[in-house]
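# Got a sequence here, can you build the structure:
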Amino acid sequence: MVLNEQQLDEFEQRGVILLERALDEAELSPLRAQLQDWVDESRQHDGPFGAMLDGRPRFDVEPGHSAARPALRRVASPEEVSPVFRDLLYRGPLLDAAADLLGGDVRFHHAKLNCKLPGSGTRVAWHQDFPFDPLSNDDSITVMLYLDDVDGDLGPPRVVPGSHRGPLYSLRQNGIFTGAVDAAVAADCERAALECVGPAGTLCLMHTRCLHASSANRAQRARTLFIASLYAADAVPLAPVAVPSRLHGQLLRGRDRGRVRAVPLQVEMPEVPEGASFFAQQAKQGNA
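Numbering: from 1, shown residues only. Okay, the predicted model is just below:
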C-alpha cells in the first residue's frame, strides 16, 4: 500500500487528500514537453480542433485564443494520443494510491488535461463529478496531478471537505443542464471551501461526490492538471461518457470478479456537451 492508515482515514472523513511531490521533476518533464507541443500546435488554430472518438474537438480553447496569446484550456483523453500521459494510468503513484482507496480492483473511466495559461479567464463553477459520470455504486475518485506549483493565485482546486457524505445536487438550473449547482448551494460552498495547493508533482485524490470548483488564474504562470477518473471494477457506468476514450472501462489494476455492485442512489442524468468540453455548459448560466 502507498497510503497509510492516517491518509485512508482522512480520505474517509474529508473526501480529499493531497500527496505532495508524488512525482519528481524527471517524471514531470516529458509531460510538460508534450503539453508545450500542444500549446504550440494550438497557435495554428482559431478555435477548438482535433477530434475525439465521437467527432467532437479534442483540443478546446477559451474565447480570445490567438497565435500571439494561446489559450488552450482542455485536452480530452490525452492518454489516447500521448504515451507519456497513458503511462501515468498503468504504473506509478497515481494508480497505486487510487487502488488503495478503491479496494484494489480499478477501472479507467476517462481523463483530461485542464490548462489555465497565464492570464486565463477560465474558472470552474461549483459541482460534483459523480452526476456527470453516474455509476451503479459511488466508489469512484478523481485524481488530479499538478504539473506546476499550484498556489492561491493560480486558481487551485477548491473542495468542500466532507461533502462526499452529503446529497447529490442538481446540475440543472431552470431546466437547463449547466453542470453547476444553484447559487444558494454555491454560496454555502464558498464559506466552507478548502484550497488544495501544493508543489508540482502533487496528487490530489478526491471522491467524485465532493463539491469542488476553481477560480481564474491571476498569475503569469501556468496551472495545468492531469485529471483521471477511476472507479471500482464492480461498478457499471449509467450514462454516456462525455469524454470518450478507447480505454474506457479498461481494468487497470486487480481483476474482474464477474459481479456488479449496486447501491441505493438517485441522480439526474447528465448531458454530453455539444462542443469540446463542459465549459460551454457552465457558461449557459454565466457560471464560467
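# give me the beta-bridge partners of V143?
Beta bridges link V143 to L205, A228 when assigned by DSSP bridges.
# Distance check, A125 against A183.
Separation of A125 from A183 (CB to CB, to the nearest Å): 10 Å. Where C-beta positions appear, they are placed from N, C-alpha and C, glycine not excepted.
# So between these two, which is more surrounded?
Ranked by neighbour count (other CB atoms under 10 Å), A125 and A183 place A125 first, with 23 against 12.
# so where do the helices sit in the stretch 101-250 of the chain?
In the stretch 101-250 of the chain, the helices defined using DSSP state H, counting those that start in this stretch lie at 183-192.
# can you give me the strands in it?
Here the stretch 101-250 of the chain has its strands, by DSSP state E, counting those that start in this stretch, at 106-116, 124-127, 140-146, 158-159, 172-173, 176-177, 194-195, 203-207, 212-214, 223-232.
# can you put the ones you listed in a markdown table and add mean pLDDT and distance to L252?
Output for these, formatted as a markdown table (pLDDT from 0 to 100; distance: least, CB to CB, whole Å):
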| stretch | mean pLDDT | distance to L252 |
| --- | --- | --- |
| strand 106-116 | 96 | 5 |
| strand 124-127 | 95 | 25 |
| strand 140-146 | 98 | 11 |
| strand 158-159 | 98 | 24 |
| strand 172-173 | 91 | 32 |
| strand 176-177 | 90 | 30 |
| strand 194-195 | 97 | 28 |
| strand 203-207 | 98 | 15 |
| strand 212-214 | 97 | 23 |
| strand 223-232 | 97 | 7 |
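# Reformat those strands as JSON lines; add distance to F59.
Formatted as JSON lines, these follow (distance: least, CB to CB, whole Å):
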{"stretch": "strand 106-116", "distance to F59": "10"}
{"stretch": "strand 124-127", "distance to F59": "18"}
{"stretch": "strand 140-146", "distance to F59": "19"}
{"stretch": "strand 158-159", "distance to F59": "26"}
{"stretch": "strand 172-173", "distance to F59": "28"}
{"stretch": "strand 176-177", "distance to F59": "23"}
{"stretch": "strand 194-195", "distance to F59": "28"}
{"stretch": "strand 203-207", "distance to F59": "24"}
{"stretch": "strand 212-214", "distance to F59": "20"}
{"stretch": "strand 223-232", "distance to F59": "14"}
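# Ok, which of those strands comes nearest Q6?
Relative to Q6, the nearest member of these by CB to CB is strand 203-207, separated by 14.1 Å.
# Nearest to S82 among the strands of the stretch 101-250 of the chain would be which one?
strand 106-116 (9.1 Å).
# So which elements touch the closest one?
Contact analysis of strand 106-116 by 3 or more CB pairs under 8 Å, 6 or more residues apart in numbering; DSSP states H and E lists helix 25-42, strand 72-76, helix 83-90, helix 93-102, strand 223-232, strand 251-253 as its packing neighbours.
# Mean neighbour count, the ones you listed: which tops it?
Among these, strand 72-76 has the highest mean neighbour count (mean count of other CB atoms under 10 Å), at a mean of 26.
# before we move on, back to that, among the strands of the stretch 101-250 of the chain, which comes closest to L28?
It is, among the strands of the stretch 101-250 of the chain and with distance given as CB to CB, strand 140-146, at 8.6 Å.
# ok now the closest one, how far from the chain's centre?
Centre-to-centre, strand 140-146 and its host chain are 6 Å apart (CA atoms, centre = their mean, to the nearest Å).
# Next, count neighbours for D139.
21.
# In contact with the most centrally placed residue in the chain, which residues?
The centroid of the chain falls nearest to I227 when counting by CA atoms, centre = their mean (4.0 Å). By CB atoms under 8 Å, 6 or more residues apart in numbering, the contact set of I227 is 111-114, 142-145.
# What's the PyMOL syntax to select whichever of the residues you listed are buried?
Applying 16 or more other CB atoms under 10 Å to the contacts of I227, the buried members can be selected in PyMOL as follows:
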select buried, resi 111+112+113+114+142+143+144+145
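# The contacts of I227 into TSV, with extra columns for distance to P161?
Formatted as TSV, those follow (distance: CB to CB, whole Å):
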residue	distance to P161
A111	25
K112	24
L113	26
N114	21
T142	15
V143	17
M144	16
L145	21
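# And the contacts of I227, which is closest to Q13?
If you rank the contacts of I227 by distance to Q13 using CB to CB, T142 comes first, at 17.6 Å.
# Wait, that closest one touches M206, no?
Yes: using CB atoms under 8 Å, T142 is in contact with M206, at 4.8 Å.
# shared neighbours of these two, anything?
Shared contacts of T142 and M206, defined by CB under 8 Å, 6+ apart, are found at D129.
# Okay then, goodbye and thanks.
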